[in-house]
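Peer 1: Just to be clear, the model below is a prediction. Sequence and coordinates:
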Amino acid sequence: MKISFQPYQLELKYPFRISGFSRTYTPLMLVKVFHEGYTGLGEASMVPYMGENFETASHFLKQIDLSWMKLPFNYPELRTYLDGIADGNPAIKAAIDIALHDLEGKLNSTPCFRFFGSEQEKMPVTSVTIGIDSPDVIIKKIEEAEFARVLKVKLGSDDDKRLIETIRSVSPKPLYADANQGWTNKEEALDFIYWLKDNGVEILEQPMDKNNIEGNAWITERSPIPILADEAIQRLAGLNKIKGAYHGINIKLMKSAGMHEAFEMIEKARKYDMKVLIGCMSETSVATSAGIALAPLCDWADLDGPFLTNNNPFDNPAFKDGKWLLSNKPGLGIPDNNF
């Protein structure tokens, strides 16, 4: 079993602004795993604040030897192997995990979603993100997202109220919101959450600093809408730390180190009676398709990566009535000749 990789710069349609941060592109590492004439595709989306980059990804991948893996692939064993090479690096570990799921699906002529028992009938709508921007650009973004049934709003700036009012001036669609740790006063945050609910916001991610478990828990206990952990949760082990502090979690494959651990996080969250949103970074159709395979197991989806980029080298997955459609093709259903 051989592996190859290629750096790629994914360009964003608009500068992506969240609380305290802005970028115009995202560095990716596109990964291929070869076995018995088949190719598995994977992807690492290395957003700067997570600490991974081309150099760290290349260094990690050069240490990988997958010759020991046999069908059916043992993903818990893979996790132990990858974590033994180096701590952290969840995005590049996710790329390997995704590529192996795609490869296993192709070797077995099985769509990836069947590995997890997903069903199209349970597919949630996916939101499309409206980043922090000027009112005229926000309106333009909303017009371009006409196909979406739900919009997601990035909050955490001094213009939060104006942003919502701008959206409401042109669109009545339901809203998801993400404060990206941007709020510091829990009482003011709670008051604003009630205002957000009155203006059609249905869920809110990460109102306060991820380390402020007590403050976020205080808001969760009193909030009229579900409060979800985002920056406060990455991998499976972190669920125990935040249990009871949030109504649910946002799982991203680039944080969970791939599809297998994301699936385990969904199962554990359910045991804790927590809701689940499956989200994404800036991604191509490869990582998005991996998230789509798990989305029917979740309450909400925010898998909008291909909609927010200019140079996705792959065709978009099928999309209809605000929802992604599961592909019945083997693996992720993406041809491997695009890169």
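Peer 2: Now that the structure is in, tell me what you want to look at.
Peer 1: What ranges does the chain have for its strands?
Peer 2: Under the criterion DSSP state E, the chain contains strands at 2-18, 21-35, 38-45, 127-130, 150-154, 175-178, 201-205, 227-229, 248-252, 275-279, 300-301, 319-320, 323-324.
Peer 1: Spit out the contact partners of the most centrally placed residue in the chain.
Peer 2: Centroid-nearest residue in the chain: Cys280, 1.9 Å away (criterion: Cα atoms, centre = their mean). Cys280 sits next to Ser45, Lys252, Leu253, Met254, Ala287, Thr288, Gly291, Asp302, Leu303, Asp304, Gly305 when contact means Cβ atoms under 8 Å, 6 or more residues apart in numbering. Backbone N, C-alpha and C define where each C-beta goes, glycine included.
Peer 1: Quick check: the nearest residue to the second one once chain neighbours are set aside vs Phe113, distance?
Peer 2: The shortest distance from Lys252 to any residue that is not its chain neighbour, by Cβ to Cβ, 6 or more residues apart in numbering, is 4.9 Å, and that residue is Gly279. With distances taken as Cβ to Cβ, to the nearest Å, Gly279 is found 18 Å from Phe113.
Peer 1: Just the mean pLDDT for stretch 248-259, thanks.
Peer 2: Stretch 248-259 shows a mean pLDDT of 98.
Peer 1: and it, how far apart are its ends?
Peer 2: Start-to-end span of stretch 248-259 (Cα to Cα, to the nearest Å) is 18 Å.
Peer 1: same thing with stretch 77-95?
Peer 2: Using Cα to Cα, the two ends of stretch 77-95 sit 16 Å apart.
Peer 1: gap between that stretch and the chain center?
Peer 2: Offset of stretch 77-95 from its chain centre (Cα atoms, centre = their mean, to the nearest Å): 18 Å.
Peer 1: Could you tell me which residues within it count as buried?
Peer 2: For stretch 77-95, burial by neighbour count (16 or more other Cβ atoms under 10 Å) applies to Leu78, Arg79, Tyr81, Leu82, Gly88, Asn89, Pro90, Ala91, Ile92, Lys93, Ala94, Ala95.
Peer 1: show me the contacts for the second one.
Peer 2: When the contact criterion is Cβ under 8 Å, 6+ apart, the partners of Arg79 are Lys93, Ala257, His260, Glu261.
Peer 1: Out of those residues, name the two that are farthest from one another.
Peer 2: Using Cβ to Cβ, these span at most 10.4 Å, a distance reached by Lys93 and His260.
Peer 1: Next one, pLDDT for Met50 please.
Peer 2: Each residue has a pLDDT score; the one for Met50 is 85.
Peer 1: unless I'm mixing things up, it is touching Glu231, no?
Peer 2: No. Using Cβ atoms under 8 Å, Met50 and Glu231 do not qualify as a contacting pair, with a distance of 10.0 Å.
Peer 1: And the helices in the stretch 1-150 of the chain?
Peer 2: Secondary structure of the stretch 1-150 of the chain by DSSP state H, counting those that start in this stretch: the helices cover 54-61, 75-85, 90-107, 135-144.
Peer 1: Flag the shaky bits of the stretch 1-150 of the chain, pLDDT-wise.
Peer 2: 17-21 (pLDDT under 70).
Peer 1: cutoff 50 now
Peer 2: For the stretch 1-150 of the chain, applying pLDDT under 50 flags no range at all.
Peer 1: same question, the stretch 201-339 of the chain
Peer 2: Scanning the stretch 201-339 of the chain with the threshold set as pLDDT under 50 gives no residue ranges.
Peer 1: can you give me the helices for it?
Peer 2: Ranges of helices within the stretch 201-339 of the chain are 213-222, 239-242, 253-256, 259-271, 285-294, based on DSSP H, counting those that start in this stretch.
Peer 1: what's the fourth one packed up against?
Peer 2: The elements that helix 259-271 packs onto, with contact taken as 3 or more Cβ pairs under 8 Å, 6 or more residues apart in numbering; DSSP states H and E, are helix 75-85, helix 90-107, helix 239-242, strand 248-252, helix 253-256, strand 275-279, helix 285-294.
Peer 1: Between those, which one is closest to Tyr176.
Peer 2: Tyr176 lies closest, by Cβ to Cβ, to one member of the helices and strands packed on helix 259-271: strand 275-279, at 7.8 Å.
Peer 1: and the angle for that closest one with strand 201-205?
Peer 2: Interaxial angle of strand 275-279 relative to strand 201-205 (axes from the mean of the first three to the mean of the last three Cα atoms, to 10 degrees): 80 degrees.
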